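J.: structure of the sequence below:
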Amino acid sequence: MPDRITSWHPAPSRPRFAPPAGAVDAHCHVFGPMAAFPFSAKAKYLPDDAGPEMLFALRDHLGFARNVIVQASCHGTDNAATLNAIAKSGGKARGVAVVDPSISDAELAALHDGGIRGVRFNFLKRLVDAAPRDKFLQVASRLPGGWHVVIYFEADILDEMREFIAALPVPVVVDHMGRPDVRQGPDGDDMRAFRSLLDGREDIWFKATCPDRLDARLEGGMGDPWDNFAAAVAPLVADYPDRALWGTDWPHPNMQDEIPDDGHIVDMIPRIAPTPELQHKLLVTNPMRLYWPEEV
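T.: Residues are numbered from 1 along each chain as shown. As a prediction, this is how the structure comes out:
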């Protein structure tokens with residue numbers, strides 16, 4: 001068995017920025033615990049346990065009220081760990097699942113009852129072995145009412161993704177803005193291409209997330225405090241304020257070589273959403289519309 005890896009900060013600072021009441025961390029994960037929820041045999045990484053108790057303690061430490069827990073690739077299509085975390089949240093978490101394309105309607109209904117409100121399609125070759133677009137479209141056509149599709153891809157395949165995205169019959173959320181090269185700035189080729197995607201459909205949302213991942217020093221970026229990210233992403237949030245989401249990405253899968261301080265990640269929020277109105281949309285209004293619409 002390969003060595004297990006730790007990708008999260010052992011003692012994140014308390015952020016200077018205080019999130020508004022009801023703020024949602026709309027992109028985070030849980031790992032295991034492995035003894036109860038084994039990792040997939042196909043997992044490309046083997047993390048240490050980062051269970052719901054750790055996640056909810058971080059939520060409170062950072063000043064958030066709710067979480068959207070996204071199924072991590074290391075758990076494959078067994079969503080038990082994510083469902084367990086939602087069940088332990090006392091109604092303060094909802095989730096996004098990863099499913100086998102052959103999943104039955106009854107199994108989808110059970111996921112809905114467990115707090116799932118979307119499915120994630122991952123197109124990163126280093127994380128998944130296959131991404132069958134035709135089967136993904138079939139699943140998307142059978143989702144319970146109110147669900148959406150989350151897609152994760154990198155900027156270099158955006159053009160070849162456009163036809164697939166256009167065919168999705170439900171709202172779409174793009175993880176981490178499709179990983180643009182933020183070193184290009186707000187008017188770079190990657191960000192212009194992503195804006196054209198957003199302009200093509202009014203129901204495409206995006207997560208203004210992962211400064212640590214997109215502006216990592218190991219990848220040629222600035223590193224903390226991630227100035228490239230702030231400069232590139234703030235105009236996107238300003239121009240599409242009703243479609244932006246935010247999350248910590250805790251416990252930061254595969255970031256063990258440049259582990260971010262979650263307090264610093266929260267302090268990015270006022271740099272990309274400088275007004276109270278933008279902050280409320282990013283952290284409360286928008287995620288509540290997607291994940292707790294019955295409370296809106």
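
J.: so where's this structure uncertain?
T.: 1-2, 126-131 (pLDDT under 70).

J.: at 90 what do you get?
T.: Residues of the chain that meet the criterion pLDDT under 90 lie in 1-3, 42-44, 124-133.

J.: helices along that one, start to end?
T.: Per DSSP state H, the chain carries helices over the ranges 52-62, 80-87, 105-113, 133-140, 158-167, 189-200, 211-214, 227-239, 262-266, 269-272, 276-280, 286-291.

J.: a markdown table for those helices, including mean neighbour count?
T.: For every residue, glycine as well, the C-beta is placed using N, CA and C. A markdown table is the format used below for these (neighbours: other Cβ atoms under 10 Å):
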| stretch | mean neighbour count |
| --- | --- |
| helix 52-62 | 18 |
| helix 80-87 | 21 |
| helix 105-113 | 14 |
| helix 133-140 | 15 |
| helix 158-167 | 14 |
| helix 189-200 | 16 |
| helix 211-214 | 24 |
| helix 227-239 | 19 |
| helix 262-266 | 23 |
| helix 269-272 | 20 |
| helix 276-280 | 16 |
| helix 286-291 | 21 |
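
J.: how far out from the middle of the chain is stretch 55-64?
T.: The chain centroid and the centroid of stretch 55-64 are separated by 17 Å under Cα atoms, centre = their mean, to the nearest Å.

J.: for the longest strand seen in the chain, which strands pair with it and how are they oriented?
T.: The longest strand of the chain (DSSP state E) is strand 116-122. Each strand paired with strand 116-122, and its direction, by DSSP bridges: strand 93-97 (parallel), strand 148-152 (parallel).

J.: now it and helix 105-113, what's the angle there?
T.: 110 degrees (axes from the mean of the first three to the mean of the last three Cα atoms, to 10 degrees).

J.: surely residue 203 is in contact with residue 169?
T.: No - between residue 203 and residue 169 there is no contact under Cβ atoms under 8 Å: 10.4 Å.

J.: okay, and the beta partners of residue 97?
T.: residue 119.

J.: just list the residues touching it, thanks.
T.: 71, 79, 82, 111, 116, 118, 119, 120 (Cβ atoms under 8 Å, 6 or more residues apart in numbering).

J.: if we can go back for a sec, closest one to residue 177 among the helices of the chain?
T.: Residue 177 lies closest to helix 189-200 among the helices of the chain, at 5.8 Å (Cβ to Cβ).

J.: can I get the closest one in CSV, CA atoms only?
T.: C-alpha atoms of helix 189-200 as CSV (Å, rounded to 0.1, in the frame of the first residue of the first chain):
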residue,chain,number,x,y,z
ASP,A,189,-6.8,33.7,-23.5
ASP,A,190,-8.0,31.2,-20.9
MET,A,191,-10.3,33.7,-19.1
ARG,A,192,-11.7,35.1,-22.4
ALA,A,193,-12.5,31.5,-23.5
PHE,A,194,-14.2,30.8,-20.2
ARG,A,195,-16.3,34.0,-20.4
SER,A,196,-17.5,32.9,-23.9
LEU,A,197,-18.7,29.7,-22.3
LEU,A,198,-20.6,31.6,-19.6
ASP,A,199,-22.1,33.8,-22.3
GLY,A,200,-23.4,30.8,-24.2
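
J.: okay then, goodbye and thanks.
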